[in-house]
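**Q** A structural model of the following input is requested.
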Amino acid sequence: MITVEGTIEKILYHEPESHYTVVIFRVRETGSRISVTGHLPGPAPGEALRIEGRWRSHPRYGQQFAAEGIREAAPITESEMRRYLASGAIPGVGPRMADRLTAAFGSRTLEMIETAPERLQEIEGIGAARAAAIHQNWLDRRGLRRLMDFLAEIGVSGAYGARIFRRYGAESIEVMTGDPLRLVEDLPGIGFALADAVIRRFDLFVDPVERAGACIRHLLHLRAGQGHVCDDTDAVLSQCRGRFSIAEDEARQGLEKLCDDGEVVKVQNADGRPGSMVYLRSYFDAEIGIVRRLWALLSTPSDLQAVAADPIAEAVVRRHAICPSEEQRRIISSILEKRVGIIAGGPGTGKTTLIRSLAAVLESFGKQTLLAAPTGRASRRMADVVRRPASTLHKLLEYRPGEEIFGRNRDRPLQADAVIVDEASMIDTLLMDRLLDALPASGRVVFVGDIFQLPAVGPGNVLADMIESGKVPVFHLTKVFRQEKESPIVLNAHRIRRGASPEFLPGPGPSPESPFCFLETDGQEAAEAMVAELCRHIIPERFGFDPVREIQVVCPMHKGLLGTIHLNQRLQKILNPDSEGLVLGGLMLKAGDKVMHLKNDYEKEVFNGEIGIVSFIDPAVGNFQVVYDGRRVDYRFSEIDRIGLAYAVTVHKSQGSEYPAVVVPLTRQHRPMLQRNLIYTAVTRARTLVVLVGSRRALDLAVANDRSVQRMTGLAGRLAAITEVDWSNG
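**A** Numbering: from 1, shown residues only. Okay, here's the model as predicted:
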């Protein structure tokens, strides 16, 4: 292990979620500049650090100093202090304020901020509130750095630091050492590994059966994060033994205790196969709830029986100037005879026209109809194309953040006769349970979706399971309308669905005559350069699209040269080069940047995946503003973790959205994600133009791979097995 001390000169790379960072570091003793890698929250140019690590040789970047322990070292000189503060390391302190602070306090500025924040009010422009904010922001920064040191001490990756600190704040270390197994529930997916590391490091006693139970909960949370509602019991017990050295009898006792306490549920396989499945209680209850309510809907006759298709079409055309096709009229007539149904179809098959027609017909029968979709983007798009109000499912169900409850439920159902839900493939198990729970006893629900798209981000594959069960009526839209069929995007989307390679018109690249094309490149570096050139020059010049607002890069993965993290930094530099930026939480943010909101915020009414443009950044006040579809939303600097750059987004994040032009980098390095439904979802995000960049071999692999990971659920089997309503034994 080697120790070096010095200052950060330049930040080459920083990933805000994991804090993985690459910097140019000037060693104080020798004056030499070295490349340092490691997990460092909120790095800032001018920051003085003491780093322990080892030299490693990277095949592409050469010698790098891999940090294993990073501690702050106070800047020695006044100029180092000024540069550090001017970098934006402390939210609320910009370059001008850095000059005033260092002029007043010199190299003791950080000491004043930490121990005597009232002295900051001596500086012009700093009142009591701002002094308190600067003091708290500094304490938060120090607290996070202290946590990172602690994680290094117990041998845990610093990549978990941000998530732990968001949950526990300045008390993180005290919570982790005081009640380690609490982490399992509080931090699903990572909590048990953290708890085990603390237990080993401090030699704490934990009852072995309790530890086994915590391990089982951890494994089930981990599987839920991968999209699974449950897991095979023997597989869970085997992982306890193989991954965490838990004796088999302890693992079985731990499982029995969890079942006795009602925290997990073990049931025989619903489809009759030998063996059993184990669920976290919340997912089991949700799955049973979905089956109960679907069966109640299926068992209740519709009050709109035997409605003729021709009168429906006539009424729709007369009142709303909508002209449904013969196929659409038949589907409307049939679906009105059901309390629940699914409309499935790919691009260009008329789902939008059918939703408009169905809503109009229900209205003509005096039925109050609500429209909704899983995300804000999808609901706004639904409202735009259907020309009726639509909301997110969370808003429809009056979700109350903080309390984690829904205001609408069986005791206070939705005030509606019918609910039509678009993009239904994105609904996970827990949300579907809440939606069906809030449907009035006399109501009906219609799900509209494309089952060939990626499944929900959350656990479950509800739409596909309902279809697979054979119990829920499904109406397939099969006709591709002529004007849509002429679109190469729609044509190739349907080819991909069938497992056939897309067809590309010959030519020099994207043009109005060639709106679906592939640009083959020699290696990742060439593909990266081509993506940049497409966004900066080629597409704007040939199509007139705004390079920031109308062109979207959609990537299979976050990491790598052609992942969202690197491409966002590259595209920010070339598409927004002139604005002066500020480093916040390790993220370089500039006015004019394209950003995405990363988590549902019901107070701001901004939802996960919404894309906007940064309108201004105010270091004096410590806030910035983002404009989403004309609506201005304010953020405090401390809320920087709620947004990320969005010049490039993952395919999963793009679901429910539509963009004028989509650029998709695709190479064999993306192999873990090369699946047919992924490439299909990516190309169907585009309205006018699709450009695939990279390796034809990678495209062929993706189209040929229809073996997407089968999600573990019991929903299809439970629905298929029911022949009558009998809930006496659950």
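
**Q** Tell me how many other residues surround G470.
**A** Counted with other CB atoms under 10 Å, residues neighbouring G470 total 11. Placement of C-beta: from N, CA and C, glycine included.

**Q** need the contact list for it.
**A** Taking CB atoms under 8 Å, 6 or more residues apart in numbering, we find G470 in contact with A720.

**Q** Now the phi/psi pair for it, please.
**A** Main-chain dihedrals, G470, degrees, to the nearest 10: phi 80, psi 0.

**Q** again, but for the one 4 residues further on
**A** Here is the backbone geometry of V474 (degrees, to the nearest 10): phi -120, psi 130.

**Q** Check the gap between Q268 and A721 for me.
**A** The spacing between Q268 and A721, counted by CB to CB, to the nearest Å, is 11 Å.

**Q** now do R100
**A** According to CB to CB, R100 stands 72 Å off from A721.

**Q** Repeat that for V621.
**A** For V621, the distance to A721 - CB to CB - is 60 Å.

**Q** Excluding sequence neighbours, find me the nearest residue to R387.
**A** R356 (6.9 Å; CB to CB, 6 or more residues apart in numbering).

**Q** contacting residues for the nearest residue to K479 once chain neighbours are set aside?
**A** Distance criterion CB to CB, 6+ apart; nearest residue to K479, sequence neighbours excluded, is E327 at 5.3 Å. Contact analysis of E327 by CB under 8 Å, 6+ apart lists G350, L477, T478, K479.

**Q** Just the pLDDT at the third one, thanks.
**A** If I follow you right, that is T478. Listed pLDDT for T478 reads 82.

**Q** That one is in contact with I343, isn't it?
**A** No. In this structure, T478 is not within contact of I343 by CB atoms under 8 Å, at 11.7 Å.

**Q** between these two, which one's more packed in?
**A** I343 (26 against 9).

**Q** Does the more buried one touch R330 like I think?
**A** No. Taking CB under 8 Å as the definition, I343 is not a contact partner of R330, at 11.8 Å.

**Q** picking that back up, how much space separates the residue nearest to K479 from T478?
**A** The gap separating E327 from T478 is 7 Å, by CB to CB.

**Q** Buried residues in the helix or strand harbouring R329, which are they?
**A** Per DSSP states H and E, R329 falls inside helix 326-335. Using 16 or more other CB atoms under 10 Å as the test for burial, helix 326-335 gives E327, Q328, R329, I331, I332, S333, I335.

**Q** ok, now stretch 468-483?
**A** E468, S469, K471, V472, P473, V474, F475, L477, V480.

**Q** And for stretch 364-383?
**A** 367, 369-383.

**Q** taking those residues one by one, which sit in strands?
**A** Per DSSP state E, strands hold the following members of the buried residues of stretch 364-383: T369, L370, L371, A372, A373.

**Q** And the pLDDT at R570?
**A** In this model, R570 is scored at 93, pLDDT.

**Q** Give me the phi and psi for it.
**A** In this entry, R570 is assigned phi and psi values of phi -70, psi -50 (degrees, to the nearest 10).

**Q** again, but for G509
**A** Dihedral angles (degrees, to the nearest 10) for G509: phi 130, psi -170.

**Q** how close does it sit to L692?
**A** Counting by CB to CB - G509 and L692 are separated by 11 Å.

**Q** go on, G254?
**A** For G254, the distance to L692 - CB to CB - is 49 Å.

**Q** Residue for residue, what is the longest helix the chain has?
**A** helix 128-153 (DSSP state H).

**Q** Check which residues of it are buried.
**A** 130-131, 133-135, 137-138, 140-141, 143-152.

**Q** nearest residue to R71 other than its sequence neighbours?
**A** R50 (4.8 Å).

**Q** The one you found is in contact with E29, isn't it?
**A** No. With contacts counted by CB under 8 Å, R50 stays clear of E29, the gap being 11.7 Å.

**Q** Identify the contacts common to the two.
**A** V4, E5.

**Q** what about G644, how many neighbours?
**A** 20.

**Q** where's it, which helix or strand?
**A** Element membership for G644, per DSSP H and E: strand 643-645.

**Q** what comes into contact with that strand?
**A** By CB under 8 Å, 6+ apart, strand 643-645 touches 16, 568-569, 571-572, 587, 593-598, 626, 635.

**Q** what do you get for stretch 253-270?
**A** Under CB under 8 Å, 6+ apart, the answer for stretch 253-270 is 209-217, 220, 233, 236-237, 240, 246, 275-281, 284, 714, 717-718, 721.
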